[in-house]
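# Here's my sequence, what's the structure:
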Amino acid sequence: WHAALNSRGRFYPVERAEEIIEALEDIANRIERRIAASASVAANSTRLDTDTEVYLASFTAAEWTGALRAYRLEPTGALGGLLWTASIPAHNARLLVTHDGSQAVPFNDVALLPGDWASQVGVAGATAAEVLAYLRGDQRHEQRFNEAGVLIGGKYRKRNALLGDIVNSDPVYAGHQDYGYNVLPEGGASYTSFVQAKKNRVKMIYIGANDGMLHGFAAGGGTGSGNTCGDTLGKELFAYIPRTARLHMPVLANPQYGQQGGIAHRFLVDGPPYVGDAYIGGSWKTILLATTGAGGRTIFALDVTNPCEFGPSKVLWERDEQWDNDLGHMLHKPIIARLNNGKWAAVFGNGYNSAQRKAVLFIVDLENGSLIKKFVLPNPSGVTDNGLAGASLYDANNDGVTDYVYAGDMAGRLWKFDVSANSAATWTVAYGTSDDPVPLFSATSASGTRQPITSAPELGRPPSGVNGVMVYFGTGRFFASGDEADRNVQSVYGLLDNHLSAITGRDQLVAQTITEESAVHGTTVRRSSRNLVDYAHKRGWYLDLNYGGNRGERVLSTPRRIFKRVLFTSIVPEQDPCNFGGRSWLLEFDPHEGSMPEQGLFIVGDQAVSAIQTNVGLIDTFEFLWQGDKAIAVGYGSKAQTATIHMSVPPQGMRTGRVSWREIIQ
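Numbers count the residues shown, from 1 in each chain. Prediction:
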């Protein structure tokens, strides 16, 4: 009993064999119902003050329900009081829009159910009208619990919450962000006015869930005519259902869905959304791009300029593998770019498990979804299963227009695409030839094993007096069965692209190493080497994540270039399913040397360290907030708990060094 109490566990007194069985069943049920998280934290500001809010998404296993909550973040970095929990309106009052294969329509017609809906539901006496109402949120015909806790009555699966499980779709905050487009020809006063007008509209949180919907929740009320729909914070204002999700949604009503020995849980809308501004159709608009992630090979674009006016006409386009079978499961964020041919575009890698199993970059017209340019990259020798991750954009001459695109593939190749010409016909891979394209760099371990790149790189300025752009990325993957057991050495890289030639191998880079891992005041920390990089003869640096033997450490998210540092989030997965996934590190490097900075951000006790380990499970990435010389990193771990790391920020130039787009939140 004392052991259970001290470890926050449970004690089961049993005297009969039946009680042992009951106790084991209760243990299994508690494990299945545990709350977990996989999505990143989002914030409404980068400022660390009394108005800062953070948004946390989680899911409950076995029930396969989700939750989205808003908390106040105290200036100390502590999580404050709960502000709101996302809520779903009555089923007959919801604004739900889907795609019928040719156009967007309201999701209110039984004709929109797939032809095999009855077999998916698997319930005798089910009717199309009831199933449609169930998917819209009607709970009248669900099973229910009796006083003994046994499910009785009803036809359809019991839902303890209407919001589906949120696993890999990160919340994104849409407020009155300024993306700096006033430098563009179509910008100037018109974009300044647009940004000013955005201050009056409803603030939103967008996130995908495996109930088959991309949800839009009110995160702040609007002002003025036409902006009053978000007065109830946390209320779902609308949801969009991609076609590929709609075709599989009826299975959610099956009472055996997600149960042991029943029907396996299914991902439906599981990709991270992206929100940005663009000038299309003769005016400035705010556009949401999202994918279905593990739920399908689909990407779509929505006009969310005014959330209170959303409807079928605001669905710009939807594309899936029927449009192009090089589309795979896109687990990364698409991104919006202004191009040199005058078009605004969605730029994205094709993801994984496409029909051709190749790495492909898509550049698609943002207004109508038509293809502008497609780069199909050949697989290297011996590789038959490949795909391209998320992209980063580089503006070479500071005119607000994308000149180059960087992205990595599962074969470890980092690619640079030259889109600096006025005609898409002449856009090309930057190195090699059109018949034999050459990557900027191929990431391999010391043993020659390819290191997969599954996140978008970060870009930054090189050292003073050096031409080119620095490209930062980490390697590793964690999305397929068996990945948790992978013990191949992964690495983090900082490369100089000098716009002249590709990097032929590790011998052109300087190696940094983790020199120490220890506990300081109860916190596990690291220190790393301080080797110099001579850019007259070298093209960057790397560090292998294998201190103390290879434990499967890897990087799955885009590094952050802030505070004159480059910061990586790494994860160390556990094979034990009861350990909530594993643990994470936040690592800090000098961006030009890859070394442990002399004046570091992390001070534990009175000691400078180069990395800090967290104990809240796996963290996808951290959100950074600061004010004056105070800064914190906030991460949301797979244990559904937050981790806060306090940083000692150098007083000079905290936000210098980035040369590609990231949203600016005011």
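# For stretch 155-166, could you pull out the residues that count as buried?
By neighbour count, with 16 or more other Cβ atoms under 10 Å as the criterion, the buried positions of stretch 155-166 are 155-157, 159, 161-166. In short, each C-beta sits where N, CA and C put it, glycine included.
# Could you tell me the end-to-end distance of that stretch?
According to Cα to Cα, to the nearest Å, stretch 155-166 extends 25 Å from its N-terminal end residue to its C-terminal end residue.
# Begin at 231 from now on, thanks
With the count now opening at 231, the last piece we talked about shows up as stretch 385-396.
# could you give me the average pLDDT of that stretch?
Stretch 385-396 shows a mean pLDDT of 95 in the predicted model.
# and what of stretch 402-421?
Per-residue pLDDT values over stretch 402-421 give a mean of 95.
# what sits up against stretch 416-434?
Outside of stretch 416-434, the residues that reach it under the criterion Cβ atoms under 8 Å, 6 or more residues apart in numbering are 274, 403-408, 411-412, 414, 446-454, 457, 459-460, 467, 507, 509, 514, 516, 534-538, 630.
# Output the below-cut-off pLDDT ranges for the stretch 781-896 of the chain.
Within the stretch 781-896 of the chain, the segments meeting pLDDT under 70 span 806-810, 880-896.
# do that again at 80, thanks
Across the stretch 781-896 of the chain, the ranges flagged by pLDDT under 80 are 805-811, 858-859, 880-896.
# swap in the chain?
For the chain, the ranges with pLDDT under 80 are 231-271, 275-280, 375-382, 805-811, 858-859, 880-896.
# Would you check that Ala660 makes contact with Tyr634?
Yes - in terms of Cβ atoms under 8 Å, Ala660 counts as a neighbour of Tyr634; the distance is 6.8 Å.
# Identify the contacts common to the two.
With Cβ under 8 Å, 6+ apart applied, the overlap between the contact sets of Ala660 and Tyr634 consists of 646-648.
# would you turn these into TSV with distance to Leu312 and secondary structure?
Compiled in TSV, these are given as follows (distance: Cβ to Cβ, whole Å; DSSP: H, G, I helix; E, B strand; the rest coil):
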residue	distance to Leu312	secondary structure
Lys646	45	strand
Phe647	45	strand
Asp648	49	strand
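# okay if I get these as TSV plus distance to Glu597 and neighbour count?
Listed next are the shared contacts of Ala660 and Tyr634 as TSV, based on distance: Cβ to Cβ, whole Å; neighbours: other Cβ atoms under 10 Å:
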residue	distance to Glu597	neighbour count
Lys646	27	23
Phe647	21	24
Asp648	24	16
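# so which of the residues you listed comes closest to His329?
Looking at the shared contacts of Ala660 and Tyr634 and their distance to His329, the nearest is Phe647, at 29.4 Å (Cβ to Cβ).
# From Leu618, how far out is the closest one?
10 Å (Cβ to Cβ, to the nearest Å).
# So for those two, which residues contact both of them?
Both Phe647 and Leu618 are contacted by 591, 637, under the criterion Cβ under 8 Å, 6+ apart.
# isn't Lys869 right next to Ala267, touching?
Yes - the criterion here is Cβ under 8 Å, and Lys869 meets it with Ala267 at 7.4 Å.
# okay, those two: which has more neighbours?
A direct count of neighbours by other Cβ atoms under 10 Å for Lys869 and Ala267 places Ala267 higher, at 28 against 21.
# residue contacts, the more buried one?
Under the criterion of Cβ under 8 Å, 6+ apart, the neighbours of Ala267 are 286-289, 847, 866-870.
# In JSON lines: the residues you listed, plus secondary structure and distance to Arg784.
Output for those, formatted as JSON lines (DSSP: H, G, I helix; E, B strand; the rest coil; distance: Cβ to Cβ, whole Å):
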{"residue": "Leu286", "secondary structure": "strand", "distance to Arg784": "24"}
{"residue": "Ala287", "secondary structure": "strand", "distance to Arg784": "23"}
{"residue": "Ser288", "secondary structure": "strand", "distance to Arg784": "23"}
{"residue": "Phe289", "secondary structure": "strand", "distance to Arg784": "23"}
{"residue": "Gly847", "secondary structure": "coil", "distance to Arg784": "15"}
{"residue": "Tyr866", "secondary structure": "strand", "distance to Arg784": "19"}
{"residue": "Gly867", "secondary structure": "strand", "distance to Arg784": "16"}
{"residue": "Ser868", "secondary structure": "coil", "distance to Arg784": "15"}
{"residue": "Lys869", "secondary structure": "coil", "distance to Arg784": "19"}
{"residue": "Ala870", "secondary structure": "coil", "distance to Arg784": "22"}
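# Show me which of the residues you listed are buried.
286-289, 847, 866-870.
# which among these gets closest to Phe530?
For Phe530, the nearest member of the buried ones among the contacts of Ala267 is Ala287. The distance, counting by Cβ to Cβ, is 20.0 Å.
# looking at it, the closest one is touching Asp395, isn't it?
No - proximity of Ala287 to Asp395 does not meet the contact threshold set by Cβ under 8 Å, at 9.5 Å.
# Now list whatever residues contact both of the two.
Counting by Cβ under 8 Å, 6+ apart, the residues touching both Ala287 and Asp395 are Gly296.
# If any of the contacts of stretch 416-434 are buried, give me the PyMOL selection for them.
Isolation of the buried members of those (16+ other Cβ under 10 Å) is achieved in PyMOL through the command below:
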select buried, resi 274+403+404+405+406+407+408+411+412+414+446+447+448+449+450+452+457+459+460+467+507+509+514+516+534+535+536+537+538+630
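# Fine by me, we can end here.
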